[in-house]
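1. Here's my sequence, what's the structure:
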Amino acid sequence: MKRNQAICTLAELAGSLGPYGTLESRLEATVNWHNSLDLDSIDVLIDILLNPPLDKEINKTPEYFEGEIIEALTSIGKRDATNFLKKAEYLINLKQVRPVIIDVIGGLRCEGGIFLLESLLKKVDLNDDELVRIVSSLAEIEGSKTLELLEKMKKLYYNRSSEVLQQINIWLGYFKNRKDR
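-> Below is the predicted model:
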């Protein structure tokens, strides 16, 4: 897959229903595209993340472009989570793509991703959005270490926004309740 092809497809999928007509046909087109992507497509999508398309490349700035990239990377990453997590180890340190990579790690639902999310907690430059995304990704993975990391986050980020603390407490309650059963 070439960068230009990927940008065009992402823009179509992220835009209005347009030629696809219905939500069902859009979902079918999305699934078909994801299934057509090979493992090398990860590098093309990562390049698009690192070097976002200019408005002139897509003739518009689609509102949900990031969401489409997350879905595509997650879809491909599930086929070879180990390979994706190796790439993510570097990418997660790049502020401009960190939120997307956090979401994809959660979407993989692979316990190996917990290590990468835990490594982020040692960073001092995490914003509230990134913290909420980490909590959500941990909840998606549901690994053996999830409860421990949520407890750690509650202590580390006690002075953050109510949204961060609320998400931590919601998922702590959920996992503690499951553990008690």
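2. Check the chain and tell me which residue is nearest its centre.
-> Most central residue of the chain, judged by C-alpha distance to the mean C-alpha position with C-alpha atoms, centre = their mean, is Asp103 at 2.0 Å.
3. and it, helix, strand or coil?
-> Per DSSP: H, G, I helix; E, B strand; the rest coil, the local secondary structure of Asp103 is helix.
4. Now do the helices in the protein.
-> With helices called from DSSP state H, the chain shows them at 3-14, 23-36, 41-50, 55-58, 65-79, 81-91, 98-108, 112-120, 128-141, 146-156, 162-180.
5. List the buried residues of the third one.
-> Meaning helix 41-50. Residues of helix 41-50 classed as buried under the neighbour-count rule (16 or more other C-beta atoms under 10 Å) are Ser41, Ile42, Val44, Leu45, Ile46, Ile48, Leu49. Glycine gets a C-beta too; all of them are placed from N, C-alpha and C.
6. distance of the fourth one from Leu131?
-> In this case it means Leu45. Taking C-beta to C-beta, to the nearest Å as the criterion, Leu45 is separated from Leu131 by 25 Å.
7. and what of Leu108?
-> Taken as C-beta to C-beta, the span from Leu108 to Leu131 is 19 Å.
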